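K.L.:
Quick one, structure for this:
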Amino acid sequence: MEKVTTTIDHSILSDARKASRKKNMISFLNKIKKNKAAVAGGIIIVLYLIMFLIGPIIAPYDPYDVQLDQKLQAPSLDHFMGTDDKGRDIFSRILYGSRLSIGVGFSAVLFGGTIGTLLGLIAGYYGRWIDSIISRILDIMLAFPGILLALAIVSALGPSLINVTIAVGFFSIPMFARIVRGSTMEVKKLEYIDAVRTLGANDVTILAKHVFPNILSPIIVQASMRLATAILSAAGLSFLGLGAQPPSPEWGAMLSNGRDFIFTAPYMAMFPGLMISILVLGFNLFGDGLRDALDPRMKN
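P.N.:
Residues are numbered from 1 along each chain as shown. I've put the predicted structure just below:
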């Protein structure tokens, strides 16, 4: 009888969670639709993701094909964004480079968000000396400006896109950890957590099935905001020569190459710079909309 009662209680809790999530999803979509800035940001992101998926397929030229007889050609019907100092089609290089620039940003946030979320869950749920140790480590990481910490890591590991991803993701860890820690401390005090614990659920089950789903909102908001910072930071490191190496068509590296021709061929730097700026703007607009819809408390 006790086993049947426990199963029924778990079923009731599960149904209640599903109904609550469905209601929250409908409310979230309605709020996003009303936010014009968020819709505009979402459209920009979708267009960039389409370019990420099909860019290399629709590229009219090989981005690595050197044609010295066509170097530094201004934008035209043959070369929509012109050619660089080696005769390579800039439009094709930007399409191919979208997978590098966007991929690094997403990978860095995934890396930093995963580790930061795990640390935040552990610190917030267990508290006491575990929380103290994790919090002090996070404080040490936050003592360094993010871009300087990334520069130090890349300088130690060596210039490459993989190392840039690790470096940018590393300085994203404390941001995720602190937000998750605070949210976890609030959720673990709720009555339904005590009810689930009374029913015999262990800590891993409570964290995975009951705490984590209820703190997703601030994590999603933080991830959307960090994507803009990650992409911009990765492009900045590549601009400094610490990320993608020639002849890679990464946008930051293309921007760095174009600065030498800023007066004779300004389009070499203008187009990669615009691609980075518009993408960062899109994530910021969409991130603001997500914040207002999912967690208005973060607005201030």
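
K.L.:
low-confidence ranges in the chain?
P.N.:
1-29, 294-300 (pLDDT under 70).

K.L.:
buried set for the top helix by length along it?
P.N.:
In the chain, with assignment by DSSP state H, the single longest helix is helix 90-126. Buried positions in helix 90-126, judged by neighbour count with 16 or more other Cβ atoms under 10 Å: 90-113, 115-117, 119-125. Quick note: C-beta positions are derived from backbone N, CA and C, even for glycine.

K.L.:
And stretch 281-288, by the same measure?
P.N.:
Quick answer for stretch 281-288 (16+ other Cβ under 10 Å): Gly282, Phe283, Asn284, Leu285, Phe286, Gly287, Asp288.

K.L.:
got it, and stretch 144-152?
P.N.:
Gly146, Ile147, Leu149, Ala150, Leu151.

K.L.:
how about the first one, what does it touch?
P.N.:
In this case it means Gly146. By Cβ atoms under 8 Å, 6 or more residues apart in numbering, the contact list for Gly146 reads Phe171, Ser172, Thr229, Ser233.

K.L.:
Compile those residues into a markdown table and extend it with columns for neighbour count and distance to Arg181.
P.N.:
Converted to a markdown table, the contacts of Gly146 look like this (neighbours: other Cβ atoms under 10 Å; distance: Cβ to Cβ, whole Å):
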| residue | neighbour count | distance to Arg181 |
| --- | --- | --- |
| Phe171 | 25 | 17 |
| Ser172 | 27 | 15 |
| Thr229 | 22 | 20 |
| Ser233 | 25 | 23 |
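
K.L.:
So which of the residues you listed are in helices?
P.N.:
Checked against DSSP H, the contacts of Gly146 include these in helices: Thr229, Ser233.

K.L.:
which one of the contacts of Gly146 sits closest to Leu77?
P.N.:
Nearest to Leu77 among those, counting by Cβ to Cβ, is Ser233 at 36.0 Å.

K.L.:
isn't the closest one right up against Ala150?
P.N.:
Yes - applying Cβ atoms under 8 Å as the test, Ser233 and Ala150 come out as touching, 6.1 Å apart.

K.L.:
Give the residues shared as contacts by those two.
P.N.:
With Cβ under 8 Å, 6+ apart as the test, Ser233 and Ala150 both reach Val168.

K.L.:
which residues does the closest residue to Ile173 other than its chain neighbours contact?
P.N.:
Leaving aside its sequence neighbours, Ile173 sits nearest to Gly116 (Cβ to Cβ, 6 or more residues apart in numbering; 4.3 Å). By Cβ under 8 Å, 6+ apart, the contact list for Gly116 reads Ser172, Ile173, Pro174, Met175, Phe176, Ala177, Val180.

K.L.:
and which of these is nearest to Asp203?
P.N.:
Among the contacts of Gly116, and counting by Cβ to Cβ, the member closest to Asp203 is Val180, at 15.7 Å.

K.L.:
what sits against Gly42?
P.N.:
Counting by Cβ under 8 Å, 6+ apart, Gly42 has contacts Ile32, Gly282, Phe286, Gly289.

K.L.:
Likewise for Leu151?
P.N.:
Here Leu151 is in contact with Ala167, Leu237, Leu240, Leu242 (criterion: Cβ under 8 Å, 6+ apart).

K.L.:
Tell me how many other residues surround the last one.
P.N.:
Counted with other Cβ atoms under 10 Å, the burial measure for Leu242 works out to 23 neighbours.

K.L.:
wait, it sits on Val164?
P.N.:
Yes - between Leu242 and Val164 there is a contact under Cβ under 8 Å: 6.8 Å.

K.L.:
Run through the neighbouring helices and strands of the next helix or strand after the longest helix of the chain.
P.N.:
Per DSSP states H and E, the first helix or strand lying C-terminal to helix 90-126 is helix 128-142. The helices and strands touching helix 128-142, judged by 3 or more Cβ pairs under 8 Å, 6 or more residues apart in numbering; DSSP states H and E, are helix 90-126, helix 173-187.

K.L.:
Contact partners for the closest residue to Ile58 other than its chain neighbours?
P.N.:
Counting by Cβ to Cβ, 6+ apart, Leu95 is the residue found nearest to Ile58 once chain neighbours are left out, at 6.8 Å. Contacts here follow Cβ under 8 Å, 6+ apart; on that basis Leu95 touches Met51, Gly55, Pro56, Ile58, Ala59, Pro63.
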